[in-house]
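Peer 1: Fold the following for me, if possible:
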Amino acid sequence: MAKLNADVDTASASRYSVRYYPTICVLKEDGTEIDRIVGYYRAPEYIRQVEDYLAGRNTLDAMLGQETAKADSADFVFRLGEKLSYHGLFDEGRKRYLRVVALDPENKTGDVDDALYSLARMSRKDKEFAQARKYAQTILDRYSSGDMMKPAFIEVGIDFKKAGSLPEARRVFLDYAKRFPEDEDAPWAREQADTIAAQLRRPPGS
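Peer 2: Numbering: from 1, shown residues only. Sure thing, here's the model as predicted:
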């Protein structure tokens, strides 16, 4: 096992399209990637995933091979979208996330709000701030009881700010801090609102 700092060894990070941290790539002896593990996992789950990959189970290639048979399973399509995104295949991941939304409009799987949040973040990275806000707002309007409600609320504020709509962004951040004063993101939201207020007080051109 080798540990690399992707901020330093940018060549390796680029070669394997590493965009999330931590990312653990399971490789063949020649350096060909079998698959990857993204995020933190407890040891038993981590070992199980590595064993699956070495046996050819649950890899990206294996899941792509199952896609036709499982095309109507929102849960499977969501996991495939996530897998594709982890591999840096964002356009393909986006297609699967959109399919999840179409397959499960009532969010019975609990995956739709996660798919929409992923779509929002993808759009923000592409600087499509209005589209990102639309995805996040859909979570607030339709799936407010899900676990992505608070992140989506924050996302709306971020997208307003990124788009230069500072009064709207400040309103969202203040609203978040007021509604969820004990939430761990409330201090950050208040800080954002204060920073924007200071920006709005500056004379034009200063």
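Peer 1: ok, then the element right after the least confident helix or strand in the chain by mean pLDDT?
Peer 2: Ranked by mean pLDDT, DSSP states H and E, the weakest helix or strand in the chain is helix 10-15, scoring a mean of 62. Helices and strands here follow DSSP states H and E; after helix 10-15, the next one along the chain is strand 23-27.
Peer 1: ranges for the helices of this protein?
Peer 2: Here the chain has its helices, by DSSP state H, at 10-15, 43-54, 60-66, 74-86, 90-103, 112-125, 129-142, 149-162, 166-179, 186-201.
Peer 1: do you know which of these lies nearest Thr23?
Peer 2: Checking those against Thr23 by Cβ to Cβ gives helix 74-86 as the closest, at 7.5 Å. Quick note: C-beta positions are derived from backbone N, CA and C, even for glycine.
Peer 1: hang on, the earlier thing: got CSV for the helices of the chain, with distance to Thr32 too?
Peer 2: Shown next, in CSV, are the helices of the chain (distance: least, Cβ to Cβ, whole Å):
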stretch, distance to Thr32
helix 10-15, 11
helix 43-54, 12
helix 60-66, 11
helix 74-86, 17
helix 90-103, 20
helix 112-125, 27
helix 129-142, 35
helix 149-162, 35
helix 166-179, 45
helix 186-201, 41
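Peer 1: mean pLDDT for those: which is lowest?
Peer 2: When the helices of the chain are compared on mean pLDDT, helix 10-15 scores lowest, with a mean of 62.
Peer 1: Kindly confirm whether my reading is correct that Leu140 touches Ala152.
Peer 2: Yes. The pair Leu140 and Ala152 qualifies as a contact (Cβ atoms under 8 Å) at a distance of 5.5 Å.
Peer 1: Just want to know which of those two has more residues nearby.
Peer 2: The residue with more neighbours, out of Leu140 and Ala152, is Ala152; 23 against 17, by other Cβ atoms under 10 Å.
Peer 1: Now do the contacts for the more buried one.
Peer 2: By Cβ atoms under 8 Å, 6 or more residues apart in numbering, Ala152 lies in contact with 113, 116-117, 120, 136-137, 139-140.
Peer 1: And these, which is closest to Glu184?
Peer 2: Nearest to Glu184 among the contacts of Ala152: Tyr117, at 17.3 Å, using Cβ to Cβ.
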